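Undergrad: Prediction below, plus the sequence it came from.
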Amino acid sequence: MPSQPYSRRRFLTSTALSLPLLAGCHGLGARTRTGDFVRVKNGQFVLRGKPYRFVGANMWFGCYLGDAALRGGRTRLVRELDQLQQIGVTNIRLLAGSETSQLAGAIARGITRNPGDYDEELLRGLDFCLDEMARRDMKAILFLSNFWQWSGGFAQYVNWATGAAIPDPTNPASLREIGARSCGCRRSSTQHQERMSYTAATLRG
């Protein structure tokens, strides 16, 4: 049976597992009450039955500062969360997916080193960050990957799946076309989503 075209709409739908992570932060391994999650009702964000409005900030590097091996990292993370709280920030965008890449401009250390091979210390760092946010009643938006080459991104998934040279990340259309044809690429992406969604309970050990 011929496979269905893997359009941008289908890709975004498949990555929508990240959306429920706009949630109360109780650490990846903690049980979170259903009511703590921000939801969408009639085109509006809702929390505990009331409209949810927020002031947000981008702290993509939260899991890196939360790594216990980084000298002074957690102290800085706590300090910066305190500062954000003081100016009224209640929602933070966090990186929850980066891929080790050979690109010169990429970060040296990704959460995913190879498909199925995770940097557990960075995942624990993310857990620490979420716990600290919970103490301040902050919400998190976790993004699981992107098109940017500095964090590996979807281009790295294409490389892992096909062995081909990493395509130009500045041309998302060509990247989507290559990735959509690769079952391995989709498999690796889905594997990461499932890992972040279902198996992170081991992080709190």
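TA: Cool, the structure landed.
Undergrad: can we go C-alpha only for contacts and neighbour counts from here?
TA: OK.
Undergrad: Spell out, range by range, the strands that occur in this structure.
TA: 23-24, 39-41, 44-47, 50-51, 56-58, 91-95, 112-114, 117-118, 139-143 (DSSP state E).
Undergrad: Relative to V158, which of the ones you listed is closest?
TA: strand 112-114 (11.9 Å; CA to CA).
Undergrad: For that closest one, name the packing helices and strands.
TA: Contacting strand 112-114 under the criterion 3 or more CA pairs under 8 Å, 6 or more residues apart in numbering; DSSP states H and E is no other helix or strand.
Undergrad: low-confidence ranges in the chain?
TA: 1-35, 167-189, 192-193, 195-205 (pLDDT under 70).
Undergrad: can you redo the strands of the chain as JSON lines with mean neighbour count and distance to Y64?
TA: JSON lines is the format used below for those (neighbours: other CA atoms under 10 Å; distance: least, CA to CA, whole Å):
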{"stretch": "strand 23-24", "mean neighbour count": "24", "distance to Y64": "20"}
{"stretch": "strand 39-41", "mean neighbour count": "15", "distance to Y64": "28"}
{"stretch": "strand 44-47", "mean neighbour count": "16", "distance to Y64": "29"}
{"stretch": "strand 50-51", "mean neighbour count": "12", "distance to Y64": "32"}
{"stretch": "strand 56-58", "mean neighbour count": "15", "distance to Y64": "14"}
{"stretch": "strand 91-95", "mean neighbour count": "22", "distance to Y64": "9"}
{"stretch": "strand 112-114", "mean neighbour count": "17", "distance to Y64": "13"}
{"stretch": "strand 117-118", "mean neighbour count": "13", "distance to Y64": "14"}
{"stretch": "strand 139-143", "mean neighbour count": "23", "distance to Y64": "14"}
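Undergrad: quick one: which of those is nearest R71?
TA: strand 91-95 (20.2 Å).
Undergrad: So which bits of stretch 60-71 are buried?
TA: W60, F61, G62, C63, Y64, L65, G66, D67, A68 (16 or more other CA atoms under 10 Å).
Undergrad: Same list (these) but as a markdown table, adding distance to T100.
TA: Shown next, in a markdown table, are the buried residues of stretch 60-71 (distance: CA to CA, whole Å):
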| residue | distance to T100 |
| --- | --- |
| W60 | 16 |
| F61 | 15 |
| G62 | 17 |
| C63 | 15 |
| Y64 | 14 |
| L65 | 17 |
| G66 | 18 |
| D67 | 17 |
| A68 | 20 |
